[in-house]
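Peer 1: with the sequence up front, the predicted model follows.
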Amino acid sequence: MEMNTQQEEMVTSTKKPSLLGIITEPTTQFQRIAEGPVFWSAFLIILLLSSVVMGITSYVAVPHMGVVILAVVGVLIGIPAGLLLTALFQWLFLLLLGGEAGYKKVFALNVYLSVIVLLGSIVQGVGMLLTGDVDAKDLENLTSVTSLAAIIPTDTHMMKAVLSSIEVFSIWHLILTAMGLTVVGKVSSAKGWTIAIVLFVIGVAFAAGAGALGDMVKDFAPPQ
C-alpha cells in the first residue's frame with residue numbers, strides 16, 4: 001500500500017510540459033515530456049491558434065470566406081498529419097540509433113515544438129498586416145520576412161523554396177528538435193543532431209523539388 005501511495009504521489013507531483021516553457025526552458029520541458037508525455041491540451045491550443053492565424057492572414061490576402069474556410073480546414077488536416085508523419089520518421093530513426101523513446105513521447109515532443117512554427121506564422125502574419133503589400137493574384141511569391149529569401153533575390157521557384165526553408169524559426173525549431181530528441185529519445189547529442197539535420201535536409205530537398213516543378217510549369221506556360 002505504501003509503495004502504491006508513493007508511486008501515485010510521484011505521478012501527481014510530476015509537472016506537465018508547457019508550451020511557453022519550450023521557449024524559456026526547453027530542456028526542462030523535454031525532461032517532463034520524457035517522464036509523462038501529456039499533449040492533448042497543447043495539441044488543441046496549437047490547432048486553435050494556428051487556425052486563427054491562418055484565417056486572419058488568408059483573409060488579408062484574399063477577403064473571401066470560402067478561401068478562409070479552405071485555409072482553416074487545411075490547417076486542421078495538415079497539422080495533425082504533419083505531426084504524425086514527422087514523429088513517425090523521428091521514432092524510426094531513434095529505433096535505428098538505439099533510442100528508447102516510444103512513439104507517443106516523440107509525438108508529444110513534436111506537439112510542443114510546434115509552438116515555434118506557430119510563432120513563425122504569427123510573425124509572418126504581422127508582417128503582412130503591417131506592410132499591407134499582399135496581392136491576391138501573386139500569393140505564390142509571398143516571402144517569409146525571416147528567411148534568406150527576403151534578403152537574397154532569385155528568379156527561380158526552386159532557389160526561392162530553398163532560401164525560404166532557411167529562416168530564423170526553422171533554425172530555432174531544428175536546434176530544439178535536436179535537443180529534444182537527445183533528451184526524450186535518450187541518445188547522444190550527436191545522434192539527436194544527426195536525426196534532426198537529416199530530416200531537415202530532406203524537407204528542404206522536397207521543397208526544392210516542388211520549386212523545380214514550379215519552374216518547369218512556368219517554362220512551359222504560354223506567354224501572356
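Peer 2: Arrived safely. Keep in mind it's a predicted model, so treat the numbers as computed, not measured.

Peer 1: please count neighbours and contacts with C-alpha atoms only from this point.
Peer 2: Fine.

Peer 1: residue contacts, residue 121?
Peer 2: Residue 121 is in contact with 50, 53-54, counting by Cα atoms under 8 Å, 6 or more residues apart in numbering.

Peer 1: same thing but 10 Å
Peer 2: If you count contacts by Cα atoms under 10 Å, 6 or more residues apart in numbering, residue 121 has them with 50, 53-54, 57, 115, 127, 144, 169.

Peer 1: okay, residue 145 and residue 200: tell me how far apart.
Peer 2: Going from residue 145 to residue 200 by Cα to Cα, to the nearest Å gives 20 Å.

Peer 1: same question for residue 76.
Peer 2: Taking Cα to Cα as the measure, residue 76 falls 23 Å from residue 200.

Peer 1: compare those two and say which is more crowded by neighbours.
Peer 2: Using other Cα atoms under 10 Å as the criterion, residue 76 and residue 200 rank with residue 200 on top: 19 against 15.

Peer 1: residues in contact with that one?
Peer 2: With Cα under 10 Å, 6+ apart, residue 200 has these contacts: 165-166, 170-171, 173-174, 177, 194, 206.

Peer 1: just confirm it is within a helix.
Peer 2: Yes - remark: residue 200 belongs to a helix, assigned using DSSP: H, G, I helix; E, B strand; the rest coil.

Peer 1: part of a strand, is residue 45?
Peer 2: No - according to three-state DSSP, residue 45 belongs to no strand; its state is helix.

Peer 1: immediately after the helix or strand where residue 107 lies, which helix or strand?
Peer 2: Taking DSSP states H and E as the definition, one finds residue 107 inside helix 103-131. Moving toward the C-terminus from helix 103-131, the next helix or strand (DSSP H and E) is helix 157-165.

Peer 1: helices or strands next to that following helix in the packing?
Peer 2: helix 189-220 (3 or more Cα pairs under 10 Å, 6 or more residues apart in numbering; DSSP states H and E).

Peer 1: now for the contacts of residue 200, which pair is the farthest apart?
Peer 2: 177 and 206 (19.1 Å; Cα to Cα).

Peer 1: okay, those two: which has more neighbours?
Peer 2: residue 177 (23 against 14).

Peer 1: ok, for the more buried one, nearest residue in space, not its chain neighbours?
Peer 2: Distances taken as Cα to Cα, 6 or more residues apart in numbering put residue 196 closest to residue 177, at 6.1 Å, once the chain neighbours are dropped.

Peer 1: please, which helix or strand holds the closest residue to residue 16 other than its chain neighbours?
Peer 2: Leaving aside its sequence neighbours, residue 16 sits nearest to residue 32 (Cα to Cα, 6+ apart; 6.3 Å). Assigned by DSSP H and E, residue 32 belongs to helix 26-35.

Peer 1: that helix to helix 103-131, inter-axis angle?
Peer 2: 140 degrees (axes from the mean of the first three to the mean of the last three Cα atoms, to 10 degrees).

Peer 1: so where's the protein shaky on pLDDT?
Peer 2: 1-14, 131-143, 214-215, 217-224 (pLDDT under 70).

Peer 1: swap the cut-off to 80 and go again
Peer 2: Applying pLDDT under 80 to the chain picks out residues 1-14, 60-62, 127-145, 147, 149-150, 154-155, 157, 211-212, 214-224.

Peer 1: since we're on residue 175, how many residues are nearby?
Peer 2: 15.

Peer 1: tell me the contacts of it?
Peer 2: Residue 175 neighbours (Cα under 10 Å, 6+ apart): 169, 192-193, 196-197.
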